[in-house]
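Any chance you can model this:
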Amino acid sequence: MGFNRIGIGFVPVSDFIFFGLAGVIWMLTLTGTDRRLTPRGARGASPRILVASVVLVTMGVLAGFGSFEPDISLQIVVRIAYLTLLWFWMLRCVAVDRHSISVLMAGWRAAVLISCAGAIAANAGLITLGVSSSENRQSAWFGHPNDLAGFLAMAVPVFLLGAPRERTARGRWPQLRWAGLLGVVVFGLATTGSISSLLAAVAGSAAAGLGLSLTSARVPGARRVHPITVMVGALAGLVALGLLARSDVPVFERLTRFEEGDAGVNSSVDDRTDLNEEVVQSFDQVLVVGNGMNVGSARGEQSAGDVHNMYLKLVFEIGVLGAAALVFLLGVTLKQAWLLMRSTRGSPLHATVVALFGSVIAALTFAFFQPINTQRYFWLPLAMVQALWTLRRRELRDAARVADTPRPTARDRPAVRPAIGPAPT
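Below you'll find the model as predicted:
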């Protein structure tokens, strides 16, 4: 997922890999050899999610027919359809059990760490990687520093909670490993120079902490964390943040320049505000059908299609109904994540659900500053919540079926016949 610049033409290699895996899953379902996949009755999407995705894609198609560049607009609509329909279905198919969820989460963590390693090495001058930037902002294998920043910001709650947790780890080594990996992700995020991603990471982490405190259950026999340990950990985090702020990473440098009234940073902020106001002023023109997706880039000029707020951008591109469908999809996903947190309290799966809840909040926050609806990392936490929702429903259904199965009574048991043989003496 972190190698979007490596591709054939305009299609990344990762898309070819995902399409190939989709073909494999489809062949397995056709030949009846899909015993290692999720049962067929559990692969369907949530009806509300499916309706919202169909409305989103339909409004995108209608807007594309009347756009300035219909071919570009329809290509973007096809990608959104592929992500919300095909890709969601693929993850539901392979989410067979909790171990499968852990494998998917481990793959996500590995992709994040590889991207962080590339960004940190490039920031230190060890390698030449990413797009050139006058501010030394790192992008690793993404096409823009903000894309790498969004990818890492949505992963901060995952590393903060140490998800996935198949079992509770004890000892100093797991704690040191957790702190080290979290530090690598935060430092990699700082090398991107994205202020909005820093806000998204903070919002996602706060949401994960709030969800953990509201839905956690006390496990009998579990060891309680000593308050001194919490205080020492918080102090160590503050010291590390202070050292990071005094370093030469781009994000704190840009924050300092913004506070000092730097013309370059303030101009970027002012341009985004002006474009947002342009969309608001043309609200009455896009009540039904929008102007087509990516219309600003297609015309080669700065217009309302270039707004960085994803929600306002979608209103301008596909109309109010299409944008409302996306908001409805996001709302349903948040509700499912909340119900999952309550349903899995006290189990090792709870930390993973809470981390995904924080990741979704980080994605929604980052979308206020960047148009990321075509990026797979934006849809990843949403797709993982869908996979977990399907898995948990199947677990509860199986448990209810076992509970409803009547146990044999004494009358139902066969009588034990005495053994044939001579009588004992």
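
which residues in this protein form strands?
Ranges of strands within the chain are 7-8, 11-12, based on DSSP state E.

average pLDDT for the first one?
When pLDDT is averaged along strand 7-8, the result is 76.

now the last one
Mean pLDDT, strand 11-12: 78.

what's in contact with that strand?
Applying Cβ atoms under 8 Å, 6 or more residues apart in numbering, the contact partners of strand 11-12 are 3, 4, 5, 6. Where C-beta positions appear, they are placed from N, C-alpha and C, glycine not excepted.

Dihedrals phi and psi, the third one?
Okay, so that is residue 5. phi -80, psi -10 (degrees, to the nearest 10).

Roughly how far does residue 314 sit from residue 56?
9 Å (Cβ to Cβ, to the nearest Å).

Of the two, which one has the most company?
With neighbours defined as other Cβ atoms under 10 Å, residue 314 and residue 56 compare such that residue 314 has more, 29 against 25.

Hmm, the more buried one is touching residue 321, no?
No: counting by Cβ atoms under 8 Å, residue 314 does not reach residue 321; the two are 10.5 Å apart.

so what does the top helix by length along the chain touch, helix or strand wise?
Looking across the chain with DSSP state H, the single longest helix is helix 310-343. The elements that helix 310-343 packs onto, with contact taken as 3 or more Cβ pairs under 8 Å, 6 or more residues apart in numbering; DSSP states H and E, are helix 47-65, helix 195-215, helix 263-281, helix 349-366, helix 376-404.

Burial check on residue 400, number of neighbours?
Count around residue 400 with other Cβ under 10 Å applied: 10.

From residue 393, how far out is it?
Separation of residue 400 from residue 393 (Cβ to Cβ): 11 Å.

Then residue 140?
37 Å.

Comparing those two, which residue is more hemmed in?
More neighbours surround residue 140 than the other of residue 140 and residue 393, with 28 against 15 (other Cβ under 10 Å).

Let me see the contact set for that one.
Per Cβ under 8 Å, 6+ apart, neighbours of residue 140: 2, 115, 116, 118, 119, 122, 129, 130, 148.

returning to that earlier point: check the contact lists of residue 314 and residue 56 and give me the overlap.
322, 326.

Least confident secondary structure element in the protein?
Here the helix or strand of the chain ranked lowest by mean pLDDT, DSSP states H and E is helix 295-299, holding a mean of 47.

Residue 184 and residue 375: what is the separation?
With distances taken as Cβ to Cβ, residue 184 is found 22 Å from residue 375.

out of the two, which sits in the busier spot?
Between residue 184 and residue 375, counting by other Cβ under 10 Å, residue 375 is the more crowded of the two (23 against 18).

Skip the chain neighbours and tell me the closest residue to residue 64.
Computed as Cβ to Cβ, 6 or more residues apart in numbering, the closest residue to residue 64 that is not its neighbour in sequence is residue 73, at 3.7 Å.

Any idea how many residues pack against that neighbour?
Count around residue 73 with other Cβ under 10 Å applied: 26.

Please verify my assumption that residue 59 contacts residue 321.
Yes: counting by Cβ under 8 Å, residue 59 does reach residue 321; the two are 5.6 Å apart.

Which one's more surrounded, the two?
Applying other Cβ under 10 Å to residue 59 and residue 321 shows that residue 59 carries more neighbours, namely 25 against 18.

which non-adjacent residue is nearest the more buried one?
Nearest non-adjacent residue to residue 59 (Cβ to Cβ, 6+ apart): residue 322, at 3.1 Å.
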